[in-house]
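K.L.:
how would this look folded up:
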Amino acid sequence: MAEVEVNGGLVVYEFVGPEDGEVVVLTPGGRFGKDFPGVRPLADALAAGGKRVLLWDRPNCGASDIQIFGRSESHMRAATLAGMLAELGTGPVAAFGGSGGARDSIVFAIEYPELVTRLAVWSIVGGTFSTMTLAMVYAMSELRTVRENGIEGILELPGQAGSWADLVRANPRNRDRLLAIGAGEFERVLTRWFDAFVPKPNEAIPGVPDWEFEGIRVPTLIIRGGERDFDHPKRTSYEVHCLIKGSRLIEPPWPEDAWEAARAAERRGEGSVFDPWVQAAAVLLDFIGGTAAGRS
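P.N.:
I've put the predicted structure just below:
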C-alpha cells in the first residue's frame, strides 16, 4: 500500500497498468475507497487498454486519513488530488468518475484545469431527491450527533459502509485525528458541507454554481443517467451536458435499471452498486484513445 502526504494527511493510492501508459484517475462514489467492489474491474479493463490507472482512497474514504476542510467535501478532495499529482509527478491526467466521483472529478476539472486532459463522468447526482438524500447521508446525522454528543459521538455514529467508525477501523490514526479536530471545528466545516447539499436553482449538481462549468474546456464525455435512477437522474446528465461546452452525451452502456438492479443485488449480498461500471470500459477507451481487450 503506497501513501503520500498531502495537506497534512496521508492519502493511500496505487497504480494499475503499464508504467508508460497515459494516467487516468478513477474516482468512485460515496465515501467508498479504491477497493470497494466493482471499482477494480473497470480499472483493470482500462489498464488492459494501455492506460495507467491511478486508484486512490480520497480523504474520508478507505484507509486514507480523515480530513475536514474546504468549501465542500468535493472541493477538499480536488485540492488533495492536485497535491497528490504534484507529489507523484504525473503531470496532467484524464479524470474519470462515477456518482460522487463524478462530482469530485467535475470540481477537480473546474478548480485545476491545467491538470486535466479529459473528463468522463457518469451516474451524476442532481435534483431535489438525490441532493437531499446526500445531505442526510453525509452531514445531517453528523451535525445532530456532534451537537448532542460531541466529537466522541461521531466515532460511534452508525451508518452505511464508509462511516466514520469504518474509517477508524481501516486506519486507527483517524481516531486521534477526529479528536484533534474537535467538536467545534467539525461542526463548522460540516455545516458548510451541508449547505452544498441544499438544492439551489442555479446548481445542476450540489455545491457547484452553473456558471463555474464555463471553466471546463477539455474534451468531456457524459454517460446518461438511467431512466428511473432517482439517485442519478437522467435530467441531470442533460443539464451537465448543456453546461459543458463541446461535451458529448452518450447512452448508457448498461441497462436503464442497472443502478436499481445493482442495489437490489447488493442488499441480497450478491454484488456491488458499482458492478455495472466495467461495462463502460470500451466507450471510455474509445473516448481516450485506448484499445479494449479483444479488439484490435
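K.L.:
so what's the residue count around the residue nearest to residue 261 when sequence neighbours are not counted?
P.N.:
Nearest non-adjacent residue to residue 261, counting by Cβ to Cβ, 6 or more residues apart in numbering: residue 255, 7.0 Å away. Any C-beta I mention is one placed from the backbone N, CA and C, and that applies to glycine too. Other residues lying near residue 255 total 14 when counted by other Cβ atoms under 10 Å.
K.L.:
so which strand or helix has residue 255?
P.N.:
Assigned by DSSP states H and E, residue 255 belongs to no helix or strand.
K.L.:
quick check: phi and psi on it?
P.N.:
Main-chain dihedrals, residue 255, degrees, to the nearest 10: phi -60, psi 160.
K.L.:
now do the one 10 residues further on
P.N.:
Dihedral pair for residue 265: phi -60, psi -40, per degrees, to the nearest 10.
K.L.:
nearest residue to it other than its sequence neighbours?
P.N.:
Leaving out its chain neighbours, the residue that sits closest to residue 265 by Cβ to Cβ, 6+ apart is residue 271, at 4.0 Å.
K.L.:
how does the chain divide into domains?
P.N.:
With domains defined by automatic domain parsing, the chain comprises 2-125+206-288, 131-196.
K.L.:
turn the ones you listed into CSV, including mean pLDDT.
P.N.:
Formatted as CSV, those follow (pLDDT from 0 to 100):
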stretch, mean pLDDT
domain 2-125+206-288, 97
domain 131-196, 93
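K.L.:
circling back to that earlier point, show me what contacts the residue nearest to residue 261?
P.N.:
Counting by Cβ atoms under 8 Å, 6 or more residues apart in numbering, residue 255 touches 226, 261, 276.
K.L.:
I'd like these laid out as a markdown table, including neighbour count and secondary structure.
P.N.:
As requested, these are exported to a markdown table (neighbours: other Cβ atoms under 10 Å; DSSP: H, G, I helix; E, B strand; the rest coil):
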| residue | neighbour count | secondary structure |
| --- | --- | --- |
| 226 | 23 | coil |
| 261 | 17 | helix |
| 276 | 23 | helix |
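K.L.:
list the buried residues in the one helix or strand residue 76 maps to.
P.N.:
Using DSSP H and E, residue 76 sits in helix 73-88. Residues 73-85, 88 are the ones in helix 73-88 that count as buried (16 or more other Cβ atoms under 10 Å).
K.L.:
from the residues you listed, which is closest to residue 199?
P.N.:
residue 74 (15.9 Å; Cβ to Cβ).
K.L.:
surely residue 24 meets residue 92?
P.N.:
No - in this structure, residue 24 is not within contact of residue 92 by Cβ atoms under 8 Å, at 11.3 Å.
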